[in-house]
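J.: Build me a model from this:
(2 chains)
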Number of protein chains: 2
Amino acid sequence: MVKDKCQMENKKIDFSEWYNEIIDTAKLSDKRYNIKGMNVWLPYGLKIIHSIDSLLREYSDDGGIEEVSFPVLISREQLEVEFEHVKGFENEIYWVTKGGTTPLDIDLALRPTSEAAMYTMFPLWIRSHSDLPFRIYQIVNVYRYETKHTRSFIRVREIHFYEAHTAHVDFEDAEKQMDEYLKIMERLSDDLCIYFSMDIRPDWDKFPGAMYSVAFDTPMPGYRSLQIGTIHEYGENFAKNYGIKYLDENGDMKYVSQTTFGLSERLMAAVIGIHGDDKGLVLPYKLAPVQVIIVPIPSDNYDEIIEYSNGIKSKLMEIGIRCQIDNSDYTPGYKFNEWEMRGVPVRIEIGKREVNDKTLTISLRTRKKKIKIELEEISNMYQYLKEVNLDIKSKASEFYMANKVFIDSLEKIKEDKMVTAYWCGSKACSDEIESLSEKAALGAVRNDGTSGPCIVCGSPGKLSAFSRTY
Amino acid sequence: MVKDKCQMENKKIDFSEWYNEIIDTAKLSDKRYNIKGMNVWLPYGLKIIHSIDSLLREYSDDGGIEEVSFPVLISREQLEVEFEHVKGFENEIYWVTKGGTTPLDIDLALRPTSEAAMYTMFPLWIRSHSDLPFRIYQIVNVYRYETKHTRSFIRVREIHFYEAHTAHVDFEDAEKQMDEYLKIMERLSDDLCIYFSMDIRPDWDKFPGAMYSVAFDTPMPGYRSLQIGTIHEYGENFAKNYGIKYLDENGDMKYVSQTTFGLSERLMAAVIGIHGDDKGLVLPYKLAPVQVIIVPIPSDNYDEIIEYSNGIKSKLMEIGIRCQIDNSDYTPGYKFNEWEMRGVPVRIEIGKREVNDKTLTISLRTRKKKIKIELEEISNMYQYLKEVNLDIKSKASEFYMANKVFIDSLEKIKEDKMVTAYWCGSKACSDEIESLSEKAALGAVRNDGTSGPCIVCGSPGKLSAFSRTY
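T.: Below is the predicted model:
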């Protein structure tokens, strides 16, 4: 239980301050651990990320991607197999060099990502076309020795990470997997109520070792966009370096074509940042550790009120709803603020009148007006949880539309927003945009068929996104 | 799917060989990863350990212990606060000494256990008696630079670990927590169908920094016992070193009294080793990734058989049972062996006759005789799963009784079993026993009130356990 009254009244004024404060007040994580950028997950925050993990497990399972778990350590040898890859990470790797009091024969990296760990095993598992497509994922922590300013869930040195890796008979089949990933992103968008742009990163910004990378960028408060996930098409690049081959139907040995899909705790940052308001967190119901909070209102028949509340709790738990009764010593008003701050989607108030009338008074986190329902209607509680999600979505969609705008002249690039504009794809024009606005080229918007003159040089261009980034 | 026919016919002859083979054949983990003692969790093995995690989460939740997650890295400074503690681990720690290409200011340890990580935060969280008892746990990997021979799930360098840590107003309240841990062990014993001895470790073998340690030892095939868990009473030892104090009801500052409880993937080793037989794994139903396998028996009405099987699968899934239909191209006989090897508790065979009669033919993993039941009886499926558990328990209990025997003369110490005997508690007598039998003193059996003359020197002694250990 949080003990201080929540003072969340500055989200619009200073997002960073609001963001740091809500993480403390809602007890999501504790950043006072004595290693910079490595935070302690507190119970409430851990429950939220575990709910996200559960969704990812469900989606992966439906997509035939199986869960595995690889060691955290990768030998320098393993890592150096793919040159571009290790070069891309060389400044960010934590190296284990001693075991006990003696130096190790070979340095071991804390995984910054798991290509090198996994792809040394792939040749042992993939032998013939009947082993393909091969699809695995893991949910683990990855490590980056960040030199930039750290920020909870956004830029940390120990990152809660989902990574799927697949191998296919050819590029065409690998491309189909990219569409499968998009289906997972759509389900995620629906459950987390967040919207994002899919941008094909410029070549100089693609994942080290990738053929091409698509990133999911979402505009956040604070006029910056957040990269919440990426999918990469590797082609045969890693396969050639790690020797991942299979016997095809004609008896020929061929290299597999590979893809990956990465997501991280930044999903949680997006949920906190986009949905939160001046009262605190606002959580989509699938993520809420407490979906329904029951607050008994003190009265002369308090025992009856508690008994009635217990009955409601039991019924809600029977239908799979995470529900609690707050019968602490605080005042109802304090409790209302507290649970609103924690983002609980539905609050039920039970007082003398509710017990007598066999009713419930319901408040949705996203609406002001209270609703009175009959006790029998309690089985419809999912309906109310879903309405909260609809409210969250509608607000998030509005925010997305307002914060990602198309511009057709270079003067408008300075707007404090994520923008889309036609761009020829050259580094020179991207640098020009960056010098004017600090906005980086996120890349060409995926699945946009339009074209137009580059906003900088006038050469033919594709619709592309630009933004300051977190 | 495993593709090779399982040949599990040597459990009694050579347990080690059997154990290594079943881990490969059932695809629990892959030890071909290129760092010794660090294995890859394969989907089937990972599902089993995740089921154990779920049980531990449930038990912890019921006991008011909340889940958190701490960083994997601990600075040398933090670790050296408690001298005995760091000394106990100094030869086993993996040290991170470089970030990117530059040396770090201070070496960082991969956690060998989390006392040092957690107890630097406790003073920030525990201020007054109203914060106590304070109870948290985490499920994480811990790291030990093992120099001994490694063995999957038994002795590895990356260990899947459950650790609970509590703080209390005084020693008396901390002792109550020890009883709470025993309740968790009882539930675990019931769900995993394993039996163990609770032994108060001799002083020279207690956890570094502990006042005393109680270990849970289970006899395993191969005539060795396996330590599957430990609880430690720390008293005020760590509290004094890490400055964990609270304001008591009289306004005085006092040190907390602390306890811990540790469990690891060795639980899985015990389940594999104790329950497995010449056909392969035998899994208690709460751990089985597939609880019921349906094998359709080919016939001229195969479509009907599949439809009928699908109906059964749906009904079983509705009541929460993990169920699959195996309609691969293999023969029924092959499939029977395969799923028996994987330890699936219940197999359902559906052929022409079953479809016509509206019946099912059921085989339990632990029994030879098949059972025919009516389709309506399918809602009793949990009954059959529980019967398999009862069979497993009865076999495990027999094994435990046969492999842990009381001896009253020193000649019998050489028996290839875990033994109990009266012992005075001296290192000299323990050394004598070890020189005769390679058996280590596991310690005095907890909650045994009896006493008798030490089997070595004749001085007054307590009933104590001795065994070779894994």
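
J.: Which parts of chain A are helices?
T.: A:15-25, A:43-62, A:76-79, A:83-89, A:115-119, A:122-125, A:171-192, A:237-242, A:266-275, A:302-318, A:332-341, A:352-357, A:381-403, A:427-437 (DSSP state H).

J.: looking at the ones you listed, which is closest to B:Ile392?
T.: Between B:Ile392 and the helices of chain A, the shortest gap by CB to CB is with helix A:43-62, which sits at 27.8 Å. From N, CA and C alone the C-beta is placed, and that goes for glycine too.

J.: Looking at the record's assignment, how would you partition chain A?
T.: A:15-275, A:292-385, A:405-467 (automatic domain parsing).

J.: Indicate which one of those domains is closest to B:Val355.
T.: domain A:15-275 (29.1 Å).

J.: Endpoint to endpoint, that closest one covers what distance?
T.: 12 Å (CA to CA, to the nearest Å).

J.: State the mean pLDDT of stretch A:89-100.
T.: Stretch A:89-100 shows a mean pLDDT of 94.

J.: Name the residues of it that come out as buried.
T.: A:Phe89, A:Glu92, A:Ile93, A:Tyr94, A:Trp95, A:Val96, A:Thr97, A:Lys98, A:Gly99, A:Gly100 (16 or more other CB atoms under 10 Å in any protein chain shown).

J.: ok so, going back, highest mean neighbour count out of the domains of chain A?
T.: Mean neighbour count (mean count of other CB atoms under 10 Å in any protein chain shown) peaks for domain A:15-275 among the domains of chain A, with a mean of 20.

J.: Now do the same contact list for A:Gln258.
T.: If you count contacts by CB atoms under 8 Å, 6 or more residues apart in numbering or on different chains, A:Gln258 has them with A:His165, A:Thr166, A:Ala167, A:His168, A:Ala174, A:Tyr234, A:Gly235, A:Glu236, A:Asn237, A:Phe238, A:Ala239, A:Ile244.

J.: Recalculate using a threshold of 6 Å.
T.: A:Ala167, A:Tyr234, A:Phe238 (CB atoms under 6 Å, 6 or more residues apart in numbering or on different chains).

J.: need the contact list for the last one.
T.: What that stands for is A:Phe238. If you count contacts by CB under 6 Å, 6+ apart, then A:Phe238 has A:Glu82, A:Tyr119, A:Gln258 around it.

J.: Excluding covalently adjacent residues, which one is nearest to the first one?
T.: For A:Glu82, ignoring the flanking residues on the chain, the nearest one in space by CB to CB, 6 or more residues apart in numbering or on different chains is A:Asn241 at 4.5 Å.

J.: wait, doesn't the one you found sit right on A:Val81?
T.: Yes. With contact defined as CB atoms under 6 Å, A:Asn241 counts as touching A:Val81 (5.0 Å).

J.: who touches both of these two?
T.: What both A:Asn241 and A:Val81 touch, as defined by CB under 6 Å, 6+ apart, is an empty set.

J.: Tell me where chain A is predicted with low confidence.
T.: Applying pLDDT under 70 to chain A flags residues A:1-10, A:12-13.

J.: where does it come near chain B, residue by residue?
T.: Neighbours of chain B within chain A, by CB under 6 Å from any CB of the partner chain: A:32-33, A:35, A:38, A:40-41, A:43, A:46, A:66-71, A:73, A:91, A:94-100, A:124, A:145, A:158.

J.: Nearest residue to A:Phe161 in space, please, no chain neighbours.
T.: Going by CB to CB, 6+ apart, A:Phe161 has A:Val142 as its nearest residue, at 4.5 Å.

J.: Of all the helices of chain A, which one is nearest B:Ser363?
T.: helix A:43-62 (27.2 Å).

J.: same for the closest one, what does it pack against?
T.: helix A:171-192, strand B:66-67 (3 or more CB pairs under 6 Å, 6 or more residues apart in numbering or on different chains; DSSP states H and E).

J.: how distant is it from the center of its chain?
T.: How far helix A:43-62 lies from its chain's middle: 10 Å, per CA atoms, centre = their mean, to the nearest Å.

J.: same question, stretch A:289-305
T.: Distance, centroid of stretch A:289-305 to centroid of chain: 34 Å (CA atoms, centre = their mean).

J.: Point to the residue nearest the middle of chain A.
T.: A centroid search over chain A (CA atoms, centre = their mean) returns A:Leu267, at 1.5 Å, as the residue closest to the centre.

J.: so who does A:Ile244 touch?
T.: A:Phe122, A:Pro123, A:Val256.

J.: nearest residue to it other than its sequence neighbours?
T.: A:Phe122 (4.6 Å).

J.: what separates that neighbour from chain B, distance-wise?
T.: According to CB to the nearest CB, to the nearest Å, A:Phe122 stands 11 Å off from chain B.

J.: A:Glu17 too?
T.: From A:Glu17 to chain B the distance is 21 Å (CB to the nearest CB).

J.: quick revisit: and the gap between the residue nearest to A:Glu82 and B:Arg135?
T.: A:Asn241 sits 48 Å away from B:Arg135 when distances are taken as CB to CB, to the nearest Å.
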